[in-house]
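S.K.: Next input, structure requested:
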Amino acid sequence: VWMPLVRQSHWHHPPHSQKHREWEREKDSAPTEPDTPSQQVQFILGTEEDDQHVPHDLFTELDEICVKEGKDAEWKETARWLKFEEDVEDGGERWSKPYVATLTLHSLFELRSCILNGTVLLDVCANSIEEIADMILGQQEQSTEFDEHVRAKVREVLMKKHHHQDENKGKKLFNIAHFFADESKKPPDLHALDKPGEGSSAEAKNGENQETGTMGLSKAELRFLKKIPAGAEVSNVLVGELDFLQQPIVAFVRLTPAVLLSGMTEVPIPTRFLFVVLGPEGKGHQYHEIGRSMATVMTEEVFHNVAYKAQNRADLVAGVDEFLDQVMVLPPGEWDPSIRIEPPKNVPSQQKRTMPGAPDDGASHSELEKHSGPELERTGRLFGGLIRDVKRKAPWFWSDFRDGLRLQCLASFLFLYCACMSPIITFGGLLGEATDNHISAMESLLGASMTGMVYSLFAGQPLTILGSTGPVLVFEQILYKFCKDYALSYLSLRACIGLWTAFFCIVLVATDASSLVCYITRFTEEAFASLICLIFIYEALEKLSHLREIYPVHMHSKLDLLTTYYCKCEAPTHPSNKTLRFWESNNINVSGIAWENLTVTECRYLHGEFQGPACGHNGPYAPNVLFWCCILFFSTFVLSSFLKKFKTSRYFPTRVRSTVSDFAVFLTIVIMVLMDFMVGIPSPKLHVPHMFKPTRDDRGWFINPIGPNPWWTVLAALVPALLCTILIFMDQQITAVIVNRKEHRLKKGCGYHLDLFIVAVMLGVCSVMGLPWFVAATVLSITHVNSLKVESKCSAPGEQPKFLGLREQRVTGLMIFVLMGCSVFFTSLLKLIPMPVLYGIFLYMGVSSLRGIQFFDRLKLFCMPAKHQPDFLYLRHVPLRKVHLFTVIQLVCLVLLWAIKVTPAAIIFPMMVLALFFVRKMMDFCFSKRELSFLDDLMPEGKLLDSAKNEAKREEVTLAGCWGWTLPSGCEISCFYHMKGLYPAALTAKAAESQKERAAGTVFAGCLVYLHLDQRQRT
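M.R.: Numbers count the residues shown, from 1 in each chain. Below is the predicted model:
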């Protein structure tokens, strides 16, 4: 609130009498009235609420009437507002699409004049429209133009029946028992008032209850009733032209409590507000526009709250004036008023209009992007962070299972089970090739199942999905080659390394090392996530192209010679030494084999050669298999993307669209499997181990860490264990940061220390059992998070569903890995899934995970003219050249990571990810903190500095409020810091440690600032 400064002579001419001092004190402490509409609205909304003036959601209905001589008329519904405007089309048979209401400035000024000069009745207690009409007419002055006869006719008009658009549509539902029985539908009695006594009194006064009010509703009206939030109230706007009136009648009525007026509204909801405009004939369009203006203003968030809390006419006028202050005018010659503006996807917050000192979107940007919450604070105690995580997550443990009993969780579980199976089995197969089957697909399935189940049950963030990583495979290959060269036991040395790695990870948990996660900013997250997504896309395409070698295509063949093409098996003319040793070891008599009668598999087993014009390098040409695989691959990707977006389609009811979208990937897999089965082309299928036993007969399920190896290998394992620790820590925590970002709106918290502890324990268990190691998988985790997004169900027509958060639970992850462990027992079903379908799922996951990554949005800006660039927030506040420079640096880092990842040097990949922190730190010298706050997250030091500045600014604002003045527009917080040289004690408020010292410093600093401002004023 602005208050004028005291007299300039106040400090140089002190008062000479006690009376004068008291007069000055009263003058300075006397409250001043708000002098702007915005300040008045903030003052109104800042008043204390009582039970009768708590704002509710509003449904507004506009009814019109035209009474002419000799014609019987009734009120007809012409428009309605729940959030956006819907009009009855000219044909009178359908509602228009919801759109943003566009009003004329003239109609808004006329509305202001109506409130200023018309009848305003606040907190009226009435039970029926008859009583309300009598009160309105009782406020009208008696005159020759408005006598008792006219008054009676106006009352008769107000009593006329209301005709609603949907009341004759469809069959009436006289028995709505099924409506209440269906739990998926919202019962109408939810719209009764939440306040005790109000709803019951309204129902008793009207002699009916909510249930009986819905007995005559049509299906369309019941569907619309579900879209209205619980506890909503009605604002009825009645406008019309009456041929017997000579002067207009305007009234604004607020009922207390809200009353259910039978037949007034299309849905049985209590009425809180009534706005009436009735006038002489010939100005119907003018009255219609005033009614639209009133309905639109009542729907607007700020005026809606003002209308509930207004104490007099002036408060309502202030609300309209504040609305006019915020109105944006479109020039009439530069747009078509007949165009209906589509509702926006996101509406900015109006908090700045209602609360003084509220930050705007730009100011709060940095605060929203922070992800270093209390869970990352160092405790200074051994296992202090772990204990905090356990205490934070323990109260939510049982709810994690209850919240998982949803249809959406079933869809997520089925999708991710299929998505996780293939990489686990593929990873096991690659490990088998690299380690001579010491660890293969069976071990991979068992390890993934065990680790995943334990992690889903006890981890701090069960939304994270565990999987295998490329650097682990490279490490296994190097370790096996080393053991083979030096005649060491591979599984025993691997067990030592795994146990040391688990120990180091537990040490990191004990020392709260996970607090270093606060240094992982968006720059590092996006570089790492982009790399993993690109690897998924690349490997999906590479696996598809690899099928060309298995199923070769006969290029440049001639159709006329198809009858002469053949391919048969023959004995090799020049067998290699390997082939000769194979024949000798298996006692194969080459001369006694009928080579031309062998199958393709038998020919390959016996090391035969394929001869003929229809033969490729590895066997006969099979063009139909390769092309069918390509069809399955791309069809899976396209169909998954299409069904996932089906939720925003215009076809079918919302429930159907939501269900199809949730089960999009699972439905795609089922459809593709059925297509493959019907076509009958022998595409490659998923192979799952069918027996629960180790792949090699010479190993068991327990590995001795020393075994036949010498004792010094236990100590030598320390060196590779350190590298593995960095790998596990970086993979786990970067993925955890991505899952736990603020924009996911997690309500149950997270647990970085607990997550790492569970991973470390299971890593040790898997090492002793000779199973692969598993850590957080980035793309699978992002896909899991995306599949569990929760949006608002009760949305107004035209309003986009709001993102509410994630369905945080443990059921999906647990069921994924439980079913994975049971996969051995239903291989007959899994072997029907074509591998190209799973490759298509990989492509879909990689592409879908790229959405929302700011890095790729900035990459597109290089090829986009400035006028076509999207209106991103960072483009408003950061020069384009700086945006491009930031993107180029990030792109170079991504290319380097890719180059290392795909080469044998992938073993040092964790060190290169660690190097991203230092690259990001060096960028502080190229960009300002303000630029980095929009392009990236601030580093912890920058956040501390910003929080100190914000704290000092809040103290200054508080001082201004305490002293009864505000800063002039040209004075900012910087003047406070400029005084440090003259007044060092002014910093006491910032540096004080105790509360008393802080308060004393604040008061003293306020005195100095006040003196400084007074000097500026005199100057």
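
S.K.: Can you give me the neighbour number for P708?
M.R.: Per other Cβ atoms under 10 Å, the neighbour tally for P708 reads 9. Heads up, the C-betas are built off the backbone N, CA and C, glycines and all.

S.K.: ugh, typo on my part, it should be F610
M.R.: Residue crowding around F610 was assessed by other Cβ under 10 Å; the count is 18.

S.K.: I'd assumed it was in a helix, is it?
M.R.: No - looking at F610 with DSSP: H, G, I helix; E, B strand; the rest coil, it is strand, so not inside a helix.

S.K.: wouldn't it be in contact with A571 here?
M.R.: No - using Cβ atoms under 8 Å, F610 is not in contact with A571, being 11.6 Å away.

S.K.: where in the stretch 601-750 of the chain is pLDDT low?
M.R.: Applying pLDDT under 70 to the stretch 601-750 of the chain picks out residues 617-619, 621-623, 688.

S.K.: do that again at 90, thanks
M.R.: Counting by pLDDT under 90, the stretch 601-750 of the chain has low-confidence residues at 601-633, 636-750.

S.K.: Now the terminal residues of stretch 299-316, how far apart.
M.R.: Using Cα to Cα, to the nearest Å, one end of stretch 299-316 lies 14 Å from the other.

S.K.: Centre of the chain to it, how far?
M.R.: When distances are taken as Cα atoms, centre = their mean, to the nearest Å, stretch 299-316 is centred 33 Å away from the chain's centroid.

S.K.: and F482, what element?
M.R.: Assigned by DSSP states H and E, F482 falls within helix 470-485.

S.K.: next one: P257
M.R.: With DSSP H and E as criterion, P257 is part of strand 249-259.

S.K.: what lines up beside that strand in the sheet?
M.R.: strand 119-124 (parallel), strand 271-279 (antiparallel) (DSSP bridges).

S.K.: would CSV of the ones you listed with distance to V811 be doable?
M.R.: Formatted as CSV, these follow (distance: least, Cβ to Cβ, whole Å):
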stretch, distance to V811
strand 119-124, 50
strand 271-279, 43
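
S.K.: Report the secondary structure state of F59.
M.R.: Strictly by three-state DSSP, F59 counts as strand.

S.K.: wouldn't it be in contact with S235 here?
M.R.: Yes - using Cβ under 8 Å, F59 is in contact with S235, at 7.3 Å.

S.K.: Give the rounded mean pLDDT of stretch 925-940.
M.R.: Stretch 925-940 carries an average pLDDT of 77.

S.K.: Next, report how far it is displaced from the centre of its chain.
M.R.: 24 Å.

S.K.: How about stretch 900-916?
M.R.: 31 Å.

S.K.: OK, contacts around A513?
M.R.: Counting by Cβ atoms under 8 Å, 6 or more residues apart in numbering, A513 touches 507, 729.

S.K.: Could you list the buried residues of stretch 575-584?
M.R.: By 16 or more other Cβ atoms under 10 Å, the buried positions in stretch 575-584 come out as 575, 579.

S.K.: For that stretch, give me every contacting residue.
M.R.: 572, 588, 590, 607.

S.K.: try stretch 451-463
M.R.: Applying Cβ under 8 Å, 6+ apart, the set of residues contacting stretch 451-463 from outside is 389, 392-393, 400, 464-466, 736, 739-740, 749-755, 758-759, 761-762, 765-766, 774, 781, 784-785, 788, 806, 808-810, 813-814, 816-818, 820-821.

S.K.: which of those are buried?
M.R.: 389, 392-393, 400, 464-466, 736, 739-740, 749-755, 758-759, 761-762, 765-766, 774, 781, 784-785, 788, 806, 808-810, 813-814, 816-817, 820-821.

S.K.: Counting only strands, which of the residues you listed make the cut?
M.R.: Applying DSSP state E to those, the entries found in strands are 466, 806.

S.K.: Touching, N305 and L45? I think so.
M.R.: Yes - between N305 and L45 there is a contact under Cβ under 8 Å: 5.6 Å.

S.K.: any shared contact partners between these two?
M.R.: With Cβ under 8 Å, 6+ apart, N305 and L45 have common neighbours T354.

S.K.: how about the strands of the chain, start to end?
M.R.: With strands called from DSSP E, the chain shows them at 58-67, 75-81, 85-87, 119-124, 162-163, 233-242, 249-259, 271-279, 466-467, 568-570, 609-611, 775-776, 789-791, 803-806.

S.K.: I'd like these written out as CSV, with distance to I703 added.
M.R.: Written out in CSV, the entries for these read as follows (distance: least, Cβ to Cβ, whole Å):
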stretch, distance to I703
strand 58-67, 68
strand 75-81, 70
strand 85-87, 69
strand 119-124, 80
strand 162-163, 81
strand 233-242, 70
strand 249-259, 73
strand 271-279, 73
strand 466-467, 21
strand 568-570, 43
strand 609-611, 42
strand 775-776, 20
strand 789-791, 42
strand 803-806, 39
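
S.K.: What lies in contact with stretch 693-700?
M.R.: 432, 437-443, 491, 689, 701, 770.

S.K.: Kindly report the same for stretch 322-329.
M.R.: 37-38, 40-41, 105, 108, 112, 297, 300, 302-303, 306, 353.

S.K.: So which of those wins on neighbours?
M.R.: V297 (27 neighbours).

S.K.: That one - nearest residue in space that isn't next to it in sequence?
M.R.: Nearest residue to V297, sequence neighbours excluded (Cβ to Cβ, 6 or more residues apart in numbering): F303, at 4.9 Å.

S.K.: any idea how far that neighbour lies from D63?
M.R.: F303 sits 21 Å away from D63, taking Cβ to Cβ, to the nearest Å as the criterion.

S.K.: Please apply the same query to L814.
M.R.: For L814, the distance to D63 - Cβ to Cβ - is 55 Å.

S.K.: Same question for F692.
M.R.: F692 sits 72 Å away from D63, going by Cβ to Cβ.

S.K.: Which one's more surrounded, these two?
M.R.: D63 (24 against 11).

S.K.: need the contact list for the closest residue to that one other than its chain neighbours.
M.R.: Leaving aside its sequence neighbours, D63 sits nearest to W75 (Cβ to Cβ, 6+ apart; 4.3 Å). Contacts here follow Cβ under 8 Å, 6+ apart; on that basis W75 touches 63-65, 160-163, 238, 240.

S.K.: ok, now with 6 Å
M.R.: 63, 65, 160, 162 (Cβ atoms under 6 Å, 6 or more residues apart in numbering).

S.K.: I'd like to know how many residues surround the residue nearest to the third one when sequence neighbours are not counted.
M.R.: Spatial nearest neighbour of K160, chain neighbours left out: E74 (5.2 Å); criterion: Cβ to Cβ, 6+ apart. Applying the criterion other Cβ under 10 Å, we find 12 residues in the vicinity of E74.

S.K.: so where is the stretch 1-150 of the chain shaky, pLDDT-wise?
M.R.: 1-59, 64-78, 81-105, 123-150.

S.K.: Please enumerate the helices of it.
M.R.: Secondary structure of the stretch 1-150 of the chain (DSSP state H, counting those that start in this stretch): helices at 18-29, 37-45, 105-117, 129-138, 148-158.
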